[in-house]
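Trainee: quick one: sequence and predicted model below, then my questions.
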Amino acid sequence: MSRMREFKVVVLGSGGVGKSALTVQFVSGTFMEKYDPTIEDFYRKEIEVDSAPCVLEILDTAGTEQFASMRDLYIKNGQGFVVVYSITNHQTFQDIKNMKEQIIRVKNMDRVPVILVGNKVDIEQQREVSNMEGMSLAQLWGCPFMEASAKNKCNVNEIFAEIVREMNFTPELERSNHCCVVL
Ligand SMILES: Nc1nc2c(ncn2[C@@H]2O[C@H](COP(=O)(O)OP(=O)(O)OP(=O)(O)O)[C@@H](O)[C@H]2O)c(=O)[nH]1
Ligand SMILES: [Mg+2]
């Protein structure tokens, strides 16, 4: 019998940045070419990070502002946050700054597990956000940063492994709503 850790991950970012494409690529290994705006989708996947198996419960949220009122609740229930912008759209990079503030306000914890992700690196010719801008923001936030491509499966598994590591390093989760599954 082994105890497996379970983590609640929330994927946040503006509409169209590739939250669903990254999540679906990670969970089922396929790329979603067609844009179908999300209302809310939920996934569960078992992975091994640094030789420790765990279960990720992933909430893929709506980027559309129409559903932004749900965000407080998602953040309240989440433990780790994958914050995504598109390197091809500078506005989406601005938008995540507000989302990060919302995370800090709602969680009210000293340290919230977050990873900053610049998606769509496969379309380098349309880049509007430099690698340096992403890195600087992550440095300011004190969190890991990765550029990724849901299309080319670049850094997709790495994002989710890294957010697990961040959650592992956050002892406050142990005391709050962290739970274990007994197998
Ligand atoms: N070239 C390229 N296109 C991508 C990538 N990721 C997503 N896309 C495309 O961008 C569009 C939007 O992707 P989604 O994953 O639906 O975006 P989202 O962030 O989930 O959007 P909302 O659900 O509305 O918040 C789709 O047409 C995807 O195929 C990527 O890494 N590279
Ligand atoms: Mg989506």
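Mentor: Thanks, I have it. All figures in this text were calculated on a predicted structure; none of them were measured in a lab. Ligands and ions are numbered 1, 2, ... in the order given.
Trainee: what number of residues lie near the residue lying closest to residue 90 once chain neighbours are set aside?
Mentor: Among residues not flanking residue 90 along the chain, residue 128 sits closest, at 4.3 Å (Cβ to Cβ, 6 or more residues apart in numbering). The C-beta positions use only the backbone N, C-alpha and C, and glycine is treated the same way. By the criterion of other Cβ atoms under 10 Å, residue 128 has 14 neighbours.
Trainee: does anything pack onto the longest helix belonging to the chain? Which helices or strands?
Mentor: Scanning the chain for the helix with the most residues, using DSSP state H, yields helix 90-107. Applying 3 or more Cβ pairs under 8 Å, 6 or more residues apart in numbering; DSSP states H and E, one finds that helix 90-107 contacts strand 3-12, helix 71-77, strand 80-86, strand 114-119, helix 131-141.
Trainee: could you check the angle helix 90-107 makes with the first one?
Mentor: Okay, so that is strand 3-12. 130 degrees (axes from the mean of the first three to the mean of the last three Cα atoms, to 10 degrees).
Trainee: kindly report the same for the longest one.
Mentor: An angle of 10 degrees separates the directions of helix 131-141 and helix 90-107 when computed by the same axes, to 10 degrees.
Trainee: is the very next helix or strand once past helix 131-141 in proximity to ligand 1?
Mentor: Later in the chain than helix 131-141, the nearest helix or strand by DSSP states H and E is strand 145-147. No. Strand 145-147 does not reach ligand 1 (Cβ under 6 Å from any ligand atom); its nearest approach is 9.9 Å.
Trainee: immediately after strand 145-147, which helix or strand?
Mentor: Defined by DSSP H and E, the subsequent element after strand 145-147 is helix 156-168.
Trainee: tell me which residues touch the nearest residue to residue 84 once chain neighbours are set aside, please.
Mentor: The spatially closest residue to residue 84, leaving aside those adjacent along the chain, is residue 13, at 3.6 Å (Cβ to Cβ, 6+ apart). By Cβ atoms under 8 Å, 6 or more residues apart in numbering, residue 13 lies in contact with 19, 63, 83-85, 92, 95-96, 99, 117.
Trainee: and the end-to-end length of stretch 7-17?
Mentor: When the termini of stretch 7-17 are compared using Cα to Cα, to the nearest Å, they are 23 Å apart.
Trainee: so is that stretch next to ligand 1?
Mentor: Yes. Using Cβ under 6 Å from any ligand atom, we find that stretch 7-17 touches ligand 1 at 13, 15-17.
Trainee: restricted to strands, list the residues you listed.
Mentor: Assigned to strands by DSSP state E, none of these qualify.
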